[in-house]
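# Next comes the sequence, and after it the predicted model I'd like to discuss.
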Amino acid sequence: MSQLDTISAAYWELVLETNPSFATSLGDRRFDDRLEDRSPDAMTAWRRALEGLRAQAARIDAGGLSPAERMTRSALVESIAGDIAQTDAGLYEWEVDPLDGLQVSFNAIEAFQPTRTPGEGRAMVARWRSMARFVDTAIANLRRSLSNGRVAVRDPVERVIDELDDLLARPTDTWAMSSPARREQPDWPAAELTSFRRDLLAIVEDEIRPGLERYRAVLADEVLPQSRPSDRPGLMHVPGGQDAYRDLIRHHTSLDLAPEELHATGLVEIARIDTEFVELGRRVLGVADLDLTLARLRQDPSLHFASRDEIYAKAVDALRKAEQAVPDWFGVLPLAPCEVVRMEAHEEKHSTVAYYRQPAADGSRPGQFFINTYAPETRPRYEAEALAYHEAVPGHHLQIAIGQQLDDLPEFRRHLGPTAFFEGWGLYTERLADEMGLYTGDLDRFGILSFDAWRACRLVVDTGMHALGWSRDRAIDYMTAHTALGENNIANEVDRYIVWPGQALAYKTGQLEILRLRDMARESLGPAFRIRRFHDIVLGSGAVPLPTLRELVEAYAAPTPPTGA
């Protein structure tokens with residue numbers, strides 16, 4: 001094994017050990033008995049280990065490496081730098097997250113942690129028992145951060161309190177984290193099964209519930225009174241926040257971009273999409289301007305779903321239609337299947353419209369497209385197809401499942417990478433799906449425009465809040481004026497940008513780069529350009545930094561030199 005292979009393997013092992021829930025979601029069951037440790041000592045050790053690996057990787061002479069090895073070295077240094085940037089930002093210490101906080105993540109684990117044997121059941125009991133300790137670590141981090149002037153924004157804190165109130169109002173035996181006790185385990189000895197069910201339910205009732213009650217009390221009595229008001233939601237208002245934001249921009253986009261540059265790009269994109277909205281609104285709805293188009297899309301009940309089942313059925317139909325079309329557009333196809341899953345009650349109210357969960361690498365679980373069916377009357381029909389194509393096929397599922405199949409790559413490159421690659425690809429496929437003939441009609445193309453505007457708005461409002469001093473209300477008003485998203489979804493989205501600084505910048509950044517590279521390749525290759533080959537080049541090396549992607553496409557599109565004299 002080469003030195004680069006050794007360092008890559010050590011980094012991947014460190015990632016899994018430090019993020020045991022992520023390991024379980026990938027099908028690596030070695031760490032099922034523990035949760036992440038976010039204590040100061042553990043995070044200091046994690047950062048020290050990352051620095052050591054980064055130094056080792058930097059000492060490798062790139063001149064002695066093959067092109068593939070140089071790519072791995074570059075990806076390794078980039079990934080480690082991103083981990084360090086996220087750690088230094090310290091969001092885990094003081095942020096209060098309505099989308100992925102412990103009140104949501106605890107209930108999500110059971111969906112990807114099967115209990116096929118008594119040993120796996122004992123590991124689950126041990127992990128569940130560590131949840132109360134995780135809560136107390138989070139409380140200690142919040143209190144320590146308060147003393148340092150780092151505190152969350154009021155609106156996300158209120159949302160998390162609301163989520164906790166919803167959860168704590170229900171009997172614990174109805175919680176998702178109690179559901180493993182109801183699983184049929186026909187191969188278990190009866191005594192083992194009885195013990196597992198008794199222990200798991202007792203932990204949820206006697207340890208986790210009191211822990212969540214403690215967490216709720218701290219949020220309500222200590223954090224909320226000192227929380228930042230909604231007119232100061234940005235990271236710029238937190239000590240060290242401006243430097244942290246620039247590091248997070250670099251981490252999520254893989255590019256050295258100033259917030260002002262990203263903001264300007266967003267404004268240009270919004271102006272372009274506004275024009276498309278007006279043209280489509282005039283042709284399809286018979287209205288004359290942007291405001292009337294958006295008002296009609298939001299307010300016409302016939303353009304929204306009537307039931308949860310309709311939302312789910314539409315998602316399934318779009319996924320199946322896309323699966324039939326992809327062979328004409330991609331040479332390499334995913335082996336893992338994809339399924340549509342309804343979000344559970346513990347997360348749907350305050351969550352985004354959908355998300356994707358990667359397949360287990362061992363094949364034990366398919367890719368999963370989670371769809372939010374809460375308040376169906378607020379969910380536009382015209383966005384449903386674009387959403388499915390982004391989250392499932394040809395979007396996240398196709399790209400991520402193909403990445404997992406690349407057996408010649410180091411493990412970390414099969415599963416990790418810059419947000420701009422993952423989310424840029426997802427956004428790129430929304431318009432690609434139109435080229436593939438997947439949209440039912442012009443009404444569904446409003447979904448393309450609304451989602452494109454949604455991601456362009458992210459460039460404007462994320463930088464606006466975190467670098468330019470925008471208020472939460474200003475961000476909401478801007479998105480309301482330029483997208484057809486429902487107002488409840490816009491509020492959820494803005495709170496997402498508040499708690500995940502920089503992540504939202506990756507979508508447009510990646511999409512625009514993929515489109516630029518496709519245009520460049522098409523112009524360079526002329527009649528020899530093949531879209532299937534272009535897509536295979538883009539996806540064939542895993543999720544890579546955007547500068548590396550440019551190198552790959554430039555090499556593919558380089559004119560063939562003449563032979564002979």
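Good, I have the coordinates. Residues are numbered from 1 along each chain as shown.
# quick one: the strands in this structure?
Secondary structure of the chain (DSSP state E): strands at 338-342, 354-357, 367-371.
# possible to save these as JSON lines with mean pLDDT, distance to residue 133 and mean neighbour count?
For every residue, glycine as well, the C-beta is placed using N, CA and C. Below are these laid out as JSON lines (pLDDT from 0 to 100; distance: least, Cβ to Cβ, whole Å; neighbours: other Cβ atoms under 10 Å):
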{"stretch": "strand 338-342", "mean pLDDT": "97", "distance to residue 133": "29", "mean neighbour count": "19"}
{"stretch": "strand 354-357", "mean pLDDT": "94", "distance to residue 133": "25", "mean neighbour count": "20"}
{"stretch": "strand 367-371", "mean pLDDT": "97", "distance to residue 133": "28", "mean neighbour count": "23"}
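# Using JSON lines, please lay out these together with distance to residue 289.
Below are the strands of the chain laid out as JSON lines (distance: least, Cβ to Cβ, whole Å):
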{"stretch": "strand 338-342", "distance to residue 289": "36"}
{"stretch": "strand 354-357", "distance to residue 289": "30"}
{"stretch": "strand 367-371", "distance to residue 289": "32"}
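# Count residues in the vicinity of the residue nearest to residue 131 when sequence neighbours are not counted, would you?
Nearest residue to residue 131, sequence neighbours excluded (Cβ to Cβ, 6 or more residues apart in numbering): residue 208, at 5.0 Å. Neighbourhood size, residue 208 [other Cβ atoms under 10 Å]: 22.
# Count the neighbours of the residue lying closest to residue 514 once chain neighbours are set aside for me.
Closest residue in space to residue 514, ignoring its immediate chain neighbours: residue 428 at 4.7 Å, by Cβ to Cβ, 6+ apart. For residue 428, the neighbour count with other Cβ under 10 Å is 24.
# residue contacts, residue 428?
510, 511, 514, 515 (Cβ atoms under 8 Å, 6 or more residues apart in numbering).
# how much space is there between it and residue 10?
33 Å (Cβ to Cβ, to the nearest Å).
# Ok, residue 385 next?
Counting by Cβ to Cβ - residue 385 and residue 10 are separated by 43 Å.
# Same question for residue 154.
Separation of residue 154 from residue 10 (Cβ to Cβ): 42 Å.
# Same check on residue 69?
In terms of Cβ to Cβ, residue 69 sits 16 Å off from residue 10.
# Quick one, which of the strands of the chain gets closest to residue 249.
Relative to residue 249, the nearest member of the strands of the chain by Cβ to Cβ is strand 354-357, separated by 22.2 Å.
# What strands line up against the closest one, and which way round?
Within its sheet, strand 354-357 is paired with strand 367-371 (antiparallel), according to DSSP bridges.
# that older thread, quick one: contacts for the residue nearest to residue 131?
Applying Cβ under 8 Å, 6+ apart, we find residue 208 in contact with 106, 128, 131, 132, 135, 172, 177.
# Out of the residues you listed, which comes closest to residue 354?
Using Cβ to Cβ, those come closest to residue 354 at residue 106, 21.1 Å.
# Next up, the contacts around the nearest residue to residue 535 once chain neighbours are set aside.
Nearest residue to residue 535, sequence neighbours excluded (Cβ to Cβ, 6+ apart): residue 330, at 5.1 Å. Listed by Cβ under 8 Å, 6+ apart, the contact set of residue 330 reads 394, 398, 532, 535, 536, 539.
# Next up, the contacts around the fifth one.
The reference is to residue 536. Residue 536 neighbours (Cβ under 8 Å, 6+ apart): 330, 331, 332.
# In helices, which of those residues appear?
Using DSSP state H, no member of those sits in helices.
# Identify each buried residue in stretch 21-39, please.
Under the neighbour-count criterion of 16 or more other Cβ atoms under 10 Å, stretch 21-39 has 21-29, 31-39 buried.
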